[in-house]
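>>> Sharing a model that was predicted from the sequence below.
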Amino acid sequence: MQIVLCDSADQVGHRAADIIEARLRRGPAVLGLATGGSPSSTYQELIRRHREEDLSFSQVTAFTLDEYAGLAKDHEQSYYSTIRRELVDHVDLPLEQLLTPQGDAADLMAEAARYDAAIAQAGGVDVQILGIGANGHIGFNEPTSSLTSRTRVKTLAGATRADNARYFEEGNVPRLCLTQGLGTIGDAKVAVLVAMGANKASAVQAMVEGPVSAFCPASVLQLHRTAVVILDPAAAGNLSMLDYYREAQKFNDQLGQGQRRGS
Ligand code: GLP
């Protein structure tokens, strides 16, 4: 794992955008997109680079990480609508190249298998953007998720439903979702996890310095060859080896190829 320590949420977004931009400038790419507040500064920076620096998404195919079960694509809170609002509608990514699991499919399990196969058929994800839940989840892989899981139907944890309650009318938070599995996420060539805020500090510490454990699903990234974890000071607040991470970051930055090295 590469740990990148930033001074602010904006800088987190900048560093994550650097990795994505480097990949997009090399030609057609498959991106994995997370929703939630964490990637907002990354998406804002990508939009800025699209508008001001000619960064094009026309050759991008994008797969979202997850979707609420029961919500149609055009529901205001579907992750399809969310990712359009947050990023896709502001860049030149053709809508037919934005792919999401269909939350209102009649057969959710078949839809999950179809989605997993579609990712593989596209050649796999080149760069996967991730946030982390306060309980250590990535995508919607809640604690105790199989570390080798594929895209499937999951039950949302009470804590996750409470965190996301702000987006729904009272009592309307979905209970089920479709999510890329931890094995699916692990197949991405590069995984970039962004986290900010003190409420993520304990999950970040468990992910980076704790054991690999299904109880902290994000810890599966310890097994990934090229996982980059980009943090603001509050999210990094519980880490015990900050001096080492700073030192390693200095050398990675000097080499100028942080995102391409093994980690
Ligand atoms: C949801 C999403 C995750 C996201 C997490 C954290 O559960 N499924 O992909 O990482 O929330 O959200 P936030 O970034 O808003 O804290």
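It's in. Source: prediction; values computed, not measured.
>>> residues making contact with stretch 111-121?
With CB atoms under 8 Å, 6 or more residues apart in numbering as the test, stretch 111-121 has contacts from 30, 63, 99, 101-102, 105, 125, 150-153, 178, 180-181, 184, 187. Every C-beta, even on glycine, is put in place using the N, C-alpha and C of the backbone.
>>> Please repeat the previous calculation with a cut-off of 7 Å.
Here stretch 111-121 makes contact (CB atoms under 7 Å, 6 or more residues apart in numbering) with 63, 99, 101-102, 105, 125, 150-153, 178, 184.
>>> Help me confirm that Ile3 comes into contact with Gln205.
No - if you go by CB atoms under 7 Å, Ile3 and Gln205 don't touch, sitting 11.3 Å apart.
>>> Of these two, which one has the most company?
For Ile3 versus Gln205, neighbours defined as other CB atoms under 10 Å are more numerous around Ile3 (23 against 18).
>>> continuing past the top helix by length along the chain, what's the next helix or strand?
As assigned by DSSP state H, the longest helix anywhere in the chain is helix 9-24. Heading C-terminal from helix 9-24, the first helix or strand you meet, by DSSP states H and E, is strand 29-33.
>>> Is that next one in proximity to the ligand?
No - Strand 29-33 does not reach the ligand (CB under 6 Å from any ligand atom); its nearest approach is 9.4 Å.
>>> And that strand, what does it pack against?
Contact analysis of strand 29-33 by 3 or more CB pairs under 7 Å, 6 or more residues apart in numbering; DSSP states H and E lists strand 60-64, strand 127-130 as its packing neighbours.
>>> would you turn those into TSV with distance to His75?
Formatted as TSV, the helices and strands packed on strand 29-33 follow (distance: least, CB to CB, whole Å):
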stretch	distance to His75
strand 60-64	14
strand 127-130	22
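>>> Could you tell me how many residues sit around Arg15?
The local packing of Arg15 (other CB under 10 Å) involves 24 other residues.
>>> How about it, nearest residue that isn't a chain neighbour?
With CB to CB, 6 or more residues apart in numbering as the criterion, Arg15 has its nearest non-adjacent residue at 5.0 Å, and that residue is Ile230.
>>> in the sheet, who's paired with the one you found?
Counting by DSSP bridges, Ile230 is bridged to Val4, Val194.
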